[in-house]
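In: Build me a model from this:
(chains A, B, C and D)
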Amino acid sequence: MHTRVTRDVIEPQGVLDLVGSPADGAAILFLGTVREQNDGRAVSGMRYDAFVEMAEPVLREIAGEAAILAGSDRIAAVHRVGDLPIGAVSVAIAVSSPHRAEAFDAARYVIEQIKQRLPVWKHEHYLDGEAEWLSGTVPPVSR
Amino acid sequence: MHTRVTRDVIEPQGVLDLVGSPADGAAILFLGTVREQNDGRAVSGMRYDAFVEMAEPVLREIAGEAAILAGSDRIAAVHRVGDLPIGAVSVAIAVSSPHRAEAFDAARYVIEQIKQRLPVWKHEHYLDGEAEWLSGTVPPVSR
Amino acid sequence: MRIRLLLFALYRDLTGVSELEIDVHEGSSAAAAVTTLRATDTRFARLPERPVIAVNREYAELDVRLSHGDELALLPPVAGG
Amino acid sequence: MRIRLLLFALYRDLTGVSELEIDVHEGSSAAAAVTTLRATDTRFARLPERPVIAVNREYAELDVRLSHGDELALLPPVAGG
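Out: You can find the predicted model right below:
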């Protein structure tokens, strides 16, 4: 299991190389990338801010839950922060497992939970010079 | 859209590079790999046979259906044939689309349809020297 | 009329044949061609009576009518991926 | 007692502050600390009355009791991925 919140460029092949085993028949790599357009507005780039000291343990926790779901500890999740241009990879998730259903489910779980719980915020910058914090999700608080 | 049935080694990054667009916020790469064990038997390798002249148009057809599902023509599917060692990539599917749900669904669709319809057969070789054709699926025939 | 037959995977192993041509009656169905094939030889009798087929590289029903020069492929249940 | 407050993203922009320390009564809840903060200054009054919070880097309910030296983070709705 490997998780990281980083300012560095994410290399997809590098994240994929963190998973895989001779016992596994399936591997999934999910990439989130910065789109050139959002709700009809032309985007010039995205700034990702994070509460890094909290995001790292939350990402580890999410990957741990996905590992149970996949029955596999071959899970990697990397989230980038900082200023990202169009097309840049903001998040990469890799899972390998003996069978494909578990790999698909675990990768999907990680990205959905990232969106619900990871303390990260997007400041979207537009070609017209404006910028805006994207509206987010209220994380479910465990009691 | 890009589909291929090939004897060449599949490079995951190369398949991923076939998709992606500034309009897309999500990309999925699925890899099928040869497992070291199946039903408790130690596997030494797998031979994939195909009716290549039919498999190529069937794979194109599957990718075309997935493109409709994803609302994206950024779809690549490559299936390898020949003798594969443990860990080798037998199939790679890449999809990118504006939003993640469509990319996940389309990648999943392609691999499920490959298993149902692609005229490919697996001859599994075991460490004890034996070999066996894996039992397959009867493809649904369009009427 | 003459048709071309293709065998794959297990069917190739069972018969030792990957490709052959056979003569069938004008307007024969694929099922009739399979029956003819199975009757030619004990090896071919090992093939199933109602295999999955493709005619000219497309999946087809066994009751489809064949034409001279058609390619009839007998396909074991598939196992790609 | 003294606690450390962290503000992020929109809350940082609204207040111009990313980090500060405030004094609150012994045994105060996180909600009380937020109320105290919002009363200090018109900038802080722009913050929501009931934000999502983390105490010492874990999500918490607003009624949680704070201790001296705790780190209370006010978190806008999250938008990772």
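In: so C:R46 makes contact with C:T15?
Out: Yes - the pair C:R46 / C:T15 is scored as a contact, 6.6 Å apart, by Cβ atoms under 8 Å. C-betas here are computed from N, CA, C, even on glycine.
In: Looking only at neighbour counts, state which of those two leads.
Out: C:T15 (19 against 13; other Cβ atoms under 10 Å in any protein chain shown).
In: so what's the more buried one up against?
Out: When contacts are counted by Cβ atoms under 8 Å, 6 or more residues apart in numbering or on different chains, C:T15 touches C:7, C:43-44, C:46-47.
In: Out of these, name the ones that lie in helices.
Out: Secondary structure from DSSP state H places none of these in helices.
In: Out of those, which end up buried?
Out: Buried members of the contacts of C:T15, scored by 16 or more other Cβ atoms under 10 Å in any protein chain shown, are C:7, C:44, C:47.
In: doesn't C:V34 make contact with the second one?
Out: No - between C:F44 and C:V34 no contact is recorded; they are 9.2 Å apart, counting by Cβ under 8 Å.
In: Okay, now the sheet partners of the helix or strand bottoming out on mean pLDDT in chain A, with direction.
Out: When each helix and strand of chain A is scored by mean pLDDT, DSSP states H and E, strand A:37-38 comes last, with a mean of 93. Using DSSP bridges, the strands paired with strand A:37-38 are strand A:41-50 (antiparallel).
In: what's the average pLDDT for the strand it pairs with?
Out: Average pLDDT, strand A:41-50: 97.
In: Pick out whichever of the contacts of C:T15 sits closest to C:A54.
Out: When the contacts of C:T15 are compared for distance to C:A54 (Cβ to Cβ), C:L7 comes out closest, at 11.8 Å.
In: Residue in chain C with the shortest distance to chain D?
Out: Sorted by distance to chain D under Cβ to the nearest Cβ, the residues of chain C start with C:G81, at 28.8 Å.
In: List the contacts of that residue.
Out: Neighbouring residues of C:G81 by Cβ under 8 Å, 6+ apart: B:32, B:79, B:90-91, B:111, B:114-115, B:118, B:120.
In: Which pair of these spans the longest distance?
Out: Within the contacts of C:G81, B:I111 and B:V120 form the most distant pair, 12.4 Å apart (Cβ to Cβ).
In: Looking at the two now, which is surrounded by more residues?
Out: Per other Cβ under 10 Å, whichever of B:I111 and B:V120 has more neighbours is B:V120, with 29 against 22.
In: shouldn't that one be in contact with B:A55?
Out: Yes - counting by Cβ under 8 Å, B:A55 is a contact partner of B:V120 at 6.1 Å.
In: joint contacts of these two?
Out: When contacts are counted by Cβ under 8 Å, 6+ apart, B:V120 and B:A55 have B:79, C:80 as shared neighbours.
In: burial count for the one residue in chain A that gets nearest to chain C?
Out: Here chain A gets closest to chain C at one residue, A:R100, 8.1 Å apart by Cβ to the nearest Cβ. By the criterion of other Cβ under 10 Å, A:R100 has 22 neighbours.
In: Let's verify the residue lying closest to C:E61 once chain neighbours are set aside: helix, strand, or coil?
Out: Of all residues not flanking C:E61 in the chain, B:V141 sits nearest, at 5.8 Å (Cβ to Cβ, 6 or more residues apart in numbering or on different chains). State at B:V141, reduced to three classes by DSSP: H, G, I helix; E, B strand; the rest coil: coil.
In: residues contacting B:V141?
Out: So B:V141 contacts C:52, C:59-61 (Cβ under 8 Å, 6+ apart).
In: residues contacting residue 10?
Out: Let's take chain A. Contact partners of A:I10, counting by Cβ under 8 Å, 6+ apart, are A:31, A:78, A:80, A:89-92.
In: Can you look at chain C instead?
Out: So C:L10 contacts B:121, B:133, C:76 (Cβ under 8 Å, 6+ apart).
In: Equivalent analysis for A:L29, please.
Out: If you count contacts by Cβ under 8 Å, 6+ apart, A:L29 has them with A:12, A:15-16, A:92-94, A:107, B:12, B:16, B:28-29, B:31.
In: Adding distance to D:E19 and pLDDT, write these out as TSV.
Out: Shown next, in TSV, are these (distance: Cβ to Cβ, whole Å; pLDDT from 0 to 100):
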residue	distance to D:E19	pLDDT
A:P12	35	98
A:V15	32	98
A:L16	37	98
A:A92	30	98
A:I93	31	98
A:A94	34	98
A:A107	35	98
B:P12	43	98
B:L16	40	98
B:I28	39	98
B:L29	40	98
B:L31	44	98
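In: Tell me the one of these nearest B:S72?
Out: B:I28 (11.0 Å).
In: so is the closest one in a helix, a strand, or just coil?
Out: Secondary structure, three-state DSSP: B:I28 is strand.
In: Neighbours of A:P57, how many?
Out: 12.
In: Leaving out chain neighbours, which residue sits closest to it?
Out: D:R57 (6.6 Å).
In: Identify the residues contacting the one you found.
Out: By Cβ under 8 Å, 6+ apart, the residues touching D:R57 are A:51, A:53-54, A:57, D:71, D:73.
In: and with 7 Å instead?
Out: Going by Cβ atoms under 7 Å, 6 or more residues apart in numbering or on different chains, D:R57 touches A:53-54, A:57, D:71.
In: in the chain, which spans are strands?
Out: With no chain named, the answer covers chain A. For chain A, the strands defined by DSSP state E cover A:2-6, A:26-33, A:37-38, A:41-50, A:75-80, A:82-85, A:89-97, A:120-126, A:131-133.
In: My question was about chain C, not that one.
Out: Going by DSSP E, chain C shows strands at C:2-7, C:19-23, C:52-55, C:58-60, C:71-75.
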